[in-house]
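Asks: any chance you could fold what I've pasted below:
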Amino acid sequence: MRFSVILRYVGTVMLCLSAIMAVSAGISYASGDTGFYPLLLSALLTLLLGGFPMIFVSKADSITTKEGFMIVVGSWVVSCVVGMFPYLIWGGEFSLVNAWFESVSGFTTTGASILTNIEALPQGLLFWRSATNWIGGVGVVMFALLVLPSLGTNKMALSGIEMSSLAKDNYRYRTQKVAKILLTIYIGLTIISTLALKLAGMRWFDALNHAMSASATGGFSTKNASIGFYDSPLIEWILIAVMFLSSLHYGLIYSTFTRKSNNIFRSEVVRVYVAIIVGATLFIATSLYFADIYPNIFTSLRQSVFQTVSLITTTGFATADTNLWTPFAVVILIILSIICGCAGSTSGGAKVDRILLYFKVLVARLRGQQHPNAVIRIRLDGILQEDRQVNTVTLFLTTYFVLILLGTLTSTLLGLDLLTAFSSSVAFIGNVGPGFGAVGSLDNYAELPSLLKIQGSVLMLMGRLEIFGFIQFLFIRMWR
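Replies: The predicted structure follows:
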């Protein structure tokens with residue numbers, strides 16, 4: 001394994017991060033706040049670290065699969081490390097562990113924060129936080145598909161670390177075409193949502209930051225009260241639309257606009273996804289109304305639909321303190337935090353595709369017991385699922401829940417109550433952001449012990465890299 005080649009490609013990612021840090025520094029300079037020098041120094045340091053391997057290591061014509069895993073996963077880890085620099089140099093609430101947690105949360109689009117006073121941050125640092133969300137939305141996918149598309153069969157191994165095989169099913173195009181689709185839809189959603197939020201009453205700066213977070217389903221806000229600060233139904237509906245679209249398969253969105261047959265309206269997964277959102281919204285709204293938490297059914301519906309979409313898309317924006325909601329509503333929201341959005345989107349979590357496929361496998365198993373000689377084929381969105389795919393999904397879901405239970409066990413061992421421990425573990429592995437209890441929608445993760453913040457950051461990375469990509473990275477030396 002050639003570490004020099006790995007460093008060269010990781011250096012490419014660092015150069016991109018350095019450029020965005022420089023933009024953030026420019027924002028701080030224009031606003032005259034205290035974030036200019038921390039961001040400028042971070043940009044220069046990241047530039048130096050990324051520039052050396054680009055200068056002294058020649059470009060490789062091909063890479064091995066092992067090198068591919070090291071490049072992609074290594075890029076994520078290094079991004080989180082250099083993402084700490086602006087926080088550490090600025091100081092404030094950012095200890096070493098807090099800076100690492102905030103950086104990982106940003107790049108993995110989790111949106112969990114240790115900040116007790118977000119509005120105290122200079123504008124440049126606020127923009128950097130949102131930029132980490134935006135980069136993390138499709139960062140490694142774009143890196144694998146745009147920077148390394150000419151490396152033969154290795155491109156599939158690289159993209160497979162970040163993009164599951166389920167996500168690839170609805171991309172019926174070549175790799176370069178997939179990259180253009182991702183880039184076009186992602187940037188388009190960000191620009192349109194920025195303009196819409198500005199017209200709805202936000203400042204340009206706030207509109208851009210929230211648009212970047214919503215498009216990435218990240219959830220970092222510039223306000224302590226998140227979206228509840230604005231108390232605007234129009235802003236909430238704009239964000240609901242952006243969060244929902246961002247949680248759909250980008251290939252299906254592209255096919256819908258280009259009038260292809262495999263579009264949003266014909267997708268079985270999307271229909272199930274919409275049904276879950278509608279059903280959860282109505283159940284929660286009814287529960288809130290009859291519990292007299294809100295004065296009328298319309299307010300209950302407004303709060304219900306925003307929190308439902310926010311959590312199932314793994315964005316994590318908030319308009320209300322969900323800790324005050326009924327236990328029934330809390331349970332539904334936790335279930336939504338496990339299911340989450342569609343494969344091929346910027347959403348995290350177990351993905352509704354896998355949940356649907358699991359139930360199809362369950363039904364097929366029952367039918368197989370009734371008709372032992374029958375040949376039962378399982379399809380998802382019209383695509384035949386091979387036994388290997390089915391087994392992978394089953395293994396993924398099993399590992400997913402085992403990690404949640406292990407995270408819960410560790411958290412309770414270190415003193416957290418059961419609701420906080422379980423919901424925070426779900427939020428970490430699913431890249432959701434807010435949990436319940438001490439880490440509710442209007443709370444933060446500042447009071448968590450340092451060990452749990454480190455554990456949470458590992459779970460966030462595992463969730464963002466579809467678990468197995470991260471595990472492969474940990475055991476890379478055992479490959480033969």
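Asks: make it CA atoms for all contacts and neighbour counts henceforth
Replies: Will do.
Asks: nearest spatial neighbour of residue 237, skipping sequence neighbours?
Replies: residue 306 (7.8 Å; CA to CA, 6 or more residues apart in numbering).
Asks: wait, residue 197 touches residue 235, no?
Replies: Yes. Taking contacts as CA atoms under 8 Å, residue 197 lies within contact range of residue 235: 6.2 Å.
Asks: tell me the SS of the residue nearest to residue 237?
Replies: Of the three states, residue 306 takes helix under DSSP: H, G, I helix; E, B strand; the rest coil.
Asks: number of residues surrounding it?
Replies: For residue 306, the count of nearby residues is 24 (other CA atoms under 10 Å).
Asks: what's near enough to touch it?
Replies: Residue 306 makes contact with 236, 237, 240, 318, 319 under the criterion CA atoms under 8 Å, 6 or more residues apart in numbering.
Asks: in helices, which of those appear?
Replies: Judged by DSSP state H, the contacts of residue 306 include 236, 237, 240 as members of helices.
Asks: and the first one, how far is that from residue 217?
Replies: Summarising the geometry, the distance separating residue 236 from residue 217, computed by CA to CA, to the nearest Å, is 14 Å.
Asks: which one of the two has more residues nearby?
Replies: The residue with more neighbours, out of residue 236 and residue 217, is residue 217; 39 against 23, by other CA under 10 Å.
Asks: in this structure that one contacts residue 315, no?
Replies: Yes. Residue 217 lies in contact with residue 315 (CA under 8 Å); the separation is 4.1 Å.
Asks: between the two, what contacts are shared?
Replies: Shared contacts of residue 217 and residue 315, counting by CA under 8 Å, 6+ apart, come down to 109, 243, 347.
Asks: for the last one, give me its contacts.
Replies: Right, residue 347. Counting by CA under 8 Å, 6+ apart, residue 347 makes contact with 216, 217, 246, 247, 313, 314, 315, 340, 341.
Asks: next, format those as CSV and append secondary structure and pLDDT.
Replies: Shown next, in CSV, are the contacts of residue 347 (DSSP: H, G, I helix; E, B strand; the rest coil; pLDDT from 0 to 100):
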residue, secondary structure, pLDDT
216, coil, 94
217, coil, 94
246, helix, 94
247, coil, 94
313, coil, 96
314, coil, 95
315, coil, 96
340, coil, 93
341, coil, 92
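Asks: farthest pair in those?
Replies: Greatest spatial distance among the contacts of residue 347 (CA to CA): 216 and 340, at 13.8 Å.
Asks: which of these two has more neighbours?
Replies: The residue with more neighbours, out of residue 216 and residue 340, is residue 216; 36 against 28, by other CA under 10 Å.
Asks: list the residues that contact the more buried one.
Replies: 109, 133, 134, 136, 137, 138, 246, 315, 346, 347.
Asks: please report phi then psi for it.
Replies: Dihedral pair for residue 216: phi -90, psi 0, per degrees, to the nearest 10.
Asks: what about it, distance to residue 360?
Replies: With distances taken as CA to CA, residue 216 is found 30 Å from residue 360.
Asks: check residue 69 too.
Replies: 32 Å.
Asks: same for the helix or strand hosting residue 286, what does it pack against?
Replies: Using DSSP states H and E, residue 286 sits in helix 268-290. Contacts defined by 3 or more CA pairs under 8 Å, 6 or more residues apart in numbering; DSSP states H and E place helix 268-290 against helix 297-312, helix 327-339, helix 352-370.
Asks: buried ones in it, by neighbour count?
Replies: Within helix 268-290, the residues that count as buried by 16 or more other CA atoms under 10 Å are 269-270, 273, 276-277, 280-282, 284-289.
Asks: what's the closest of those residues to residue 414?
Replies: If you rank the buried residues of helix 268-290 by distance to residue 414 using CA to CA, residue 284 comes first, at 32.1 Å.
Asks: pretty sure the closest one is touching residue 304, no?
Replies: Yes. Counting by CA under 8 Å, residue 284 touches residue 304, with 6.0 Å between them.
Asks: thinking again about what came up before, out of the helices and strands packed on helix 268-290, deepest packed?
Replies: The highest mean neighbour count among those, using mean count of other CA atoms under 10 Å, belongs to helix 297-312: a mean of 23.
Asks: mean confidence (pLDDT) on that one, please.
Replies: For helix 297-312, the per-residue pLDDT values average out at 96.
Asks: over to stretch 371-384?
Replies: The average pLDDT for stretch 371-384 rounds to 79.
Asks: give me the contact list for that stretch.
Replies: Under the criterion CA under 8 Å, 6+ apart, residues 169, 267, 268, 269, 357, 360, 361, 364, 368, 385, 386 lie in contact with stretch 371-384.
Asks: what residues of it count as buried?
Replies: Result for stretch 371-384 [16+ other CA under 10 Å]: buried residues 378, 380.
Asks: same question, stretch 71-86
Replies: For stretch 71-86, the neighbour count (16+ other CA under 10 Å) marks 71-77, 79-80, 82-86 as buried.
Asks: I'd like those laid out as TSV, including distance to residue 451 and pLDDT.
Replies: Compiled in TSV, the buried residues of stretch 71-86 are given as follows (distance: CA to CA, whole Å; pLDDT from 0 to 100):
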residue	distance to residue 451	pLDDT
71	27	82
72	26	82
73	22	85
74	22	87
75	24	87
76	21	90
77	18	92
79	21	93
80	18	95
82	21	95
83	20	95
84	18	96
85	21	96
86	22	97
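Asks: nearest to residue 327 among these?
Replies: Nearest to residue 327 among the buried residues of stretch 71-86, with distances taken as CA to CA, is residue 80, at 35.7 Å.
Asks: any idea which residue sits dead centre in this structure?
Replies: Geometric centre of the chain, nearest residue: residue 109, 3.7 Å, by CA atoms, centre = their mean.
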